[in-house]
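I would like to see how this sequence folds:
(2 chains)
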Amino acid sequence: MSQTDAKTMTIEQPTEGRTFMGYLLEFDNVDDLTAAAQNVRDAGYTNWDCHTPFPVHGLDHAMGAKPSHVQWIVLGIGILGLCTGLFIQWWMNAVVHQGNVVTGYQYFVAGKPFWSVPANIPVMFEMTILFSAFASFFGMLGVNRLPQYNHFTMYSERFGKATDDRFFISISKDDPKFDMNRTRDLLAGQNGTYLEVLED
Amino acid sequence: MAKTITKPLSQLSTELDNTRDQIKQPTLVTGGKTFANVTEIVARVAEYPTAPRAWYIAFGGAVMLFGLLFAMLAYLISTGVGVWGVNTPVAWGFAIVNFVFWIGIGHAGTLISAILYLFRQKWRTGINRFAEAMTIFAVFAAGIFPLVHVGRIWVVYWIFPIPNQQQLWPQFRSPLLWDVFAITTYLLTSLLFWYMGMVPDLATFRDRAKTRLRKVMYGLFALGWRGSNRQWIHYEKAYLLLAALATPLVLSVHSVVSFDFATSQLPGWHTTIFPPYFVAGAIFGGFAMVVFLAVPARQLFGLRNLITLQHFEHMNKIILATGMIVGYAYAMEFFIAWYSGNPLETFTFFNRATGPYAWAYWIMVTCNVIIPQVFWFKKARTNLWIMWIVSIFVNIGMWFERFVIVVSSLSRDFLPSSWDYYVPTWVDLCTLAGSFGLFFFFFLLFCRYLPIVAIAEVKAILPEAHPGHGGGNAAAEAKA
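Okay, here's the model as predicted:
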């Protein structure tokens, strides 16, 4: 990963009497961000993150982040949808449940059998897609712990640019390897443009 | 942060022809725009203190038509379906024609957002957001018609499998019930797909917001998105999965709509060609609607560098290709009608082209098969006026296609004694106009208040979005 020319970094100092939350390092391009992400990964940090306005190719590897497993949630819920589609059609159209308040109703149409799976495929298919789509969206939100309206990066004045044209690395003070001075030195050694101290 | 903008939106961007250079990878964002430029171009549409005058005029018109729709539906529900022109052989009139028309419009949105995503067609990023919005509002417009054409709308919940005191259930072997499931699933899945794609862009709007109302509203719907890469990983996987789910879904929805016709015994409807023919027609008509909406939108909102001539040329090629498929289907229907040797089938098709509804048939053929042939010429594919006018013709043609299928087949069925001519009433016509009001009402609001172009996705296709591109923004600027 090629680094760009060295930049001068502004480094903030912690303020007395305010609660320290973590560090936030700003970059102005993806190359410097990716190179720095590799260094933070190699230093053994775990409770840290990169923030980018769009998904950056190769950053997952540079961060040592594990691939997503949302697909297994979707597969499970999708199969549930398929079974639901099959079951409701069988329950409602194929059988009469004697003495049950919620009973099925057998329609006799043109001498066709009450239960023949080909006629039930479209609804099974649609239910599979419906359940899977909900699982994709809400599974993604669940795995990402969204909605989350409070996060230590939001104490930053500059962080709004993370959805515009700037790239950030945030390291939380809760990281087991975190140390006020060593972490600051590690970040100060990267090719960033601004090292911010996040305080409540 | 945005500076105060004084020039009108439409004068803020430049027109550049990026359709010429076919050998190199075409530039999809013209004018050497940076990440910040992309944010600025899209966000200022929603941040500009006043919309372009054309927006107010269009919105006023849309509100009036939307009001007309409410009035027509109130009249229909309070009086009965007798206010429509439907009669005994033609029991499916405008309601079903409009329903199939609007559902078809929606399909291009899903094609652009899901299928082109799976095929890694990067040009989709400029247009996918509002094509998806178009899908949702078109499904709103479509959904009204089956709900009101049931006659007794106060028991419309019977179409859903809800336990009731009569112990009756829906009849799951009916394609009309498959429609209920297909359309509901389609609407919900499209909504999720659209909203999920919009979350990072809503976060952009939130971070730029200056008033408290905007901060709260955009912030609420941005779900606290902070561009975290650990979240992008799951987000991208989920987006891919939604695209993969929406792809078979969109093909299934119009196939199921075509089953409403194809599984009946009526000559002209009872054909196996219907599912692929309907899907191709839907994409054809839907792309025409995208062009119809995109041309004024990019001019008015200053999006010429994001929605470029290259995008339009691609869309026009798809219109040409799907138009040819539709033309082939028209020809093949005739061939099979003759080749089957079935006199009723042969008569139906002969009757379509020469009978009382021949005028509708030839409008359809002219608009759908003949007029799009101009897109063989590059001049037509890259001229905004020509493509805009062609897109109007295609929309008219596709509406008439559904009219021909529904009305001409029904009006002359098996027994000549039951034949009748269908004439829509003023209520039919006003309801159709009103459905356009509903569509444009929502669409214009979307244009004004939501990210009309997928900001994050467009940034990701800029060259400096890729590590190792050699410098990034700042270095590239220094060199230039």
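
and B:F221, what does it touch?
Contact analysis of B:F221 by C-beta atoms under 8 Å, 6 or more residues apart in numbering or on different chains lists B:195, B:198-199, B:202. All C-beta atoms are positioned from the backbone trio N, CA, C, and that covers glycine.

need the pLDDT of it.
pLDDT for B:F221: 94.

so what secondary structure elements neighbour the longest strand anywhere in chain A?
Longest strand in chain A, counting residues (DSSP state E): strand A:20-27. Packing partners of strand A:20-27 (3 or more C-beta pairs under 8 Å, 6 or more residues apart in numbering or on different chains; DSSP states H and E): helix A:30-42, strand A:167-172, helix A:180-188, strand A:194-199.

count of neighbours near the residue of chain A found nearest chain B?
Proximity of chain A to chain B (C-beta to the nearest C-beta) peaks at A:N29, 2.3 Å away. The tally of other residues near A:N29 (other C-beta atoms under 10 Å in any protein chain shown) stands at 26.

how is chain A divided into domains?
A:18-64+A:150-162+A:175-199, A:70-143 (automatic domain parsing).

need the winner for burial among those domains.
Of those, the one with the most neighbours on average (mean count of other C-beta atoms under 10 Å in any protein chain shown) is domain A:18-64+A:150-162+A:175-199, at a mean of 19.

and the end-to-end length of that one?
6 Å (C-alpha to C-alpha, to the nearest Å).

now stretch B:212-229
First-to-last distance for stretch B:212-229 - C-alpha to C-alpha - comes to 28 Å.

and that stretch, how far out from the chain's middle?
28 Å (C-alpha atoms, centre = their mean, to the nearest Å).

buried residues of it, list them for me.
B:214, B:217-219, B:221-229 (16 or more other C-beta atoms under 10 Å in any protein chain shown).

before we move on, what about stretch B:197-216?
Buried-residue list, stretch B:197-216, by 16+ other C-beta under 10 Å: B:197-209, B:214.

B:L245 contacts A:I129, correct?
Yes. Using C-beta atoms under 8 Å, B:L245 makes contact with A:I129 at a distance of 5.3 Å.

pull up the overlap in contacts between those two.
With C-beta under 8 Å, 6+ apart as the test, B:L245 and A:I129 both reach B:T189.

which elements pack onto the longest helix along chain A?
When chain A is parsed with DSSP state H, its longest helix is helix A:117-143. In terms of contacts (3+ C-beta pairs under 8 Å, 6+ apart), helix A:117-143 is packed against helix A:70-89, helix B:175-208, helix B:229-262.

out of those, the one nearest A:D175 is which?
Within the helices and strands packed on helix A:117-143, the stretch nearest A:D175 is helix B:229-262; the backing value is 13.6 Å (C-beta to C-beta).

and that closest one, average pLDDT?
According to the model, helix B:229-262 has a mean pLDDT of 93.

for the residue nearest to A:R18 when sequence neighbours are not counted, list each beta-bridge partner.
Leaving aside its sequence neighbours, A:R18 sits nearest to A:E199 (C-beta to C-beta, 6 or more residues apart in numbering or on different chains; 4.0 Å). Counting by DSSP bridges, A:E199 is bridged to A:F20.

residues touching A:E199, list them.
A:14-15, A:18-21, A:155.

for A:W72, same thing?
With the criterion set at C-beta under 8 Å, 6+ apart, A:W72 makes contact with nothing.

starting at the chain centroid, how far to stretch A:25-42?
Per C-alpha atoms, centre = their mean, the centroid offset for stretch A:25-42 relative to its chain is 20 Å.

with stretch B:297-307 instead?
The answer for stretch B:297-307 is 19 Å, by C-alpha atoms, centre = their mean.

returning to that earlier point: and the contacts of B:F221, which two are furthest apart?
Pairwise over these, using C-beta to C-beta, the maximum falls at B:Y195 and B:L202, 8.9 Å.

nearest residue to the residue nearest the centre of chain A other than its sequence neighbours?
Centroid check for chain A by C-alpha atoms, centre = their mean gives A:N144 as the closest residue, at 3.7 Å. Once flanking residues are discounted, A:N144 sits nearest to B:Q231: 4.4 Å by C-beta to C-beta, 6+ apart.

and for B:I283?
B:T322 (5.0 Å).

give the contact list for that neighbour.
Here B:T322 is in contact with B:280-281, B:283-284, B:287 (C-beta under 8 Å, 6+ apart).

and which of the residues you listed is nearest chain A?
B:I283 (18.9 Å).

and that closest one, how many neighbours does it have?
For B:I283, using other C-beta under 10 Å, the count is 27.

can you pull the buried residues of the helix or strand hosting it?
Counting by DSSP states H and E, the element that carries B:I283 is helix B:274-300. For helix B:274-300, the neighbour count (16+ other C-beta under 10 Å) marks B:274-275, B:277-300 as buried.

got the angle for that helix vs helix B:229-262?
130 degrees (axes from the mean of the first three to the mean of the last three C-alpha atoms, to 10 degrees).

which secondary structure elements does helix B:274-300 contact?
helix B:53-79, helix B:94-110, helix B:128-149, helix B:229-262, helix B:309-339, helix B:384-403.
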